[in-house]
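Trainee: one predicted model, sequence on top.
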Amino acid sequence: MIQDKSWKGAKQTLLERPWFLVVALAGLLGGAMLITSFIRATDNTLSLCSTAKNTAASIAEYSATPIQLQSIVHYATSQTVPQQSFEEISISLNVLKERLPCNFLVFGLGRDSLMWASLNPGGTTVFLEEDPEWIEAVLKDAPSLRAHHVHRAVPRDTKTVGDI
């Protein structure tokens with residue numbers, strides 16, 4: 001019984017000492033900062049001490065490029081039907097997302113060329129087209145596209161698989 005009373009007395013005196021409260025408070029703050037740093041390392045949107053500066057930086061990281069904005073306006077105001085299905089476009093998009101930014105070579109200009117260029121932000125997208133008049137027509141509406149004229153590899157008078 002005497003030992004129990006002395007333990008309770010020591011416990012009360014320990015909590016009453018100012019240095020113990022300072023150390024306990026510092027330990028709690030340090031633990032909270034440590035946990036916050038782990039959370040911030042895994043998910044930038046969740047932190048105990050988020051600031052407007054961090055939020056602005058994350059928004060700026062995902063800002064649209066000029067070609068993406070042009071693409072949005074073009075497709076929002078166009079009656080053009082996509083040349084590929086959603087599933088076909090999604091396959092290419094998934095590959096691009098794994099490699100962004102990258103060098104992306106597209107054979108042929110189409111009505112979806114702005115989309116392909118905008119899906120590679122920060123990368124280089126180049127289109128190869130054999131019809132110089134079509135290049136002019138497309139670049140008139142989308143001058144930011146990088147398109148190059150190429151000559152057909154098979155002479156026009158030679159039969160191809162499509163002609164048979």
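Mentor: Everything's here; your move.
Trainee: and residue 80, helix, strand or coil?
Mentor: Recorded secondary structure, residue 80: coil (DSSP: H, G, I helix; E, B strand; the rest coil).
Trainee: same thing with the one 4 residues further on?
Mentor: In terms of secondary structure, residue 84 is coil; the call rests on three-state DSSP.
Trainee: verify the contact between it and residue 112 for me.
Mentor: Yes - in terms of Cβ atoms under 8 Å, residue 84 counts as a neighbour of residue 112; the distance is 7.0 Å. The way it works is simple: take the backbone N, C-alpha and C, and place the C-beta from them, glycine included.
Trainee: looking at the two, which is more packed in?
Mentor: residue 112 (18 against 13; other Cβ atoms under 10 Å).
Trainee: what's the next secondary structure element after the worst-scoring helix or strand of the chain on mean pLDDT?
Mentor: Least confident helix or strand, the chain: helix 52-61 with a mean of 53, by mean pLDDT, DSSP states H and E. Sequence-wise, the next helix or strand downstream of helix 52-61 (DSSP states H and E) is helix 66-76.
Trainee: next, the buried residues of that next one.
Mentor: Residues of helix 66-76 classed as buried by neighbour count (16 or more other Cβ atoms under 10 Å): 67, 68, 70, 71, 74.
Trainee: output those in CSV; the columns should cover pLDDT and distance to residue 25.
Mentor: Listed next are those as CSV, based on pLDDT from 0 to 100; distance: Cβ to Cβ, whole Å:
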residue, pLDDT, distance to residue 25
67, 87, 53
68, 88, 49
70, 85, 55
71, 86, 54
74, 83, 58
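Trainee: and these as TSV, adding distance to residue 94?
Mentor: Putting these into TSV (distance: Cβ to Cβ, whole Å) gives the following:
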residue	distance to residue 94
67	20
68	18
70	23
71	18
74	23
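Trainee: distance-wise, check residue 141 relative to residue 94.
Mentor: Relative to residue 94, residue 141 is positioned 28 Å away (Cβ to Cβ, to the nearest Å).
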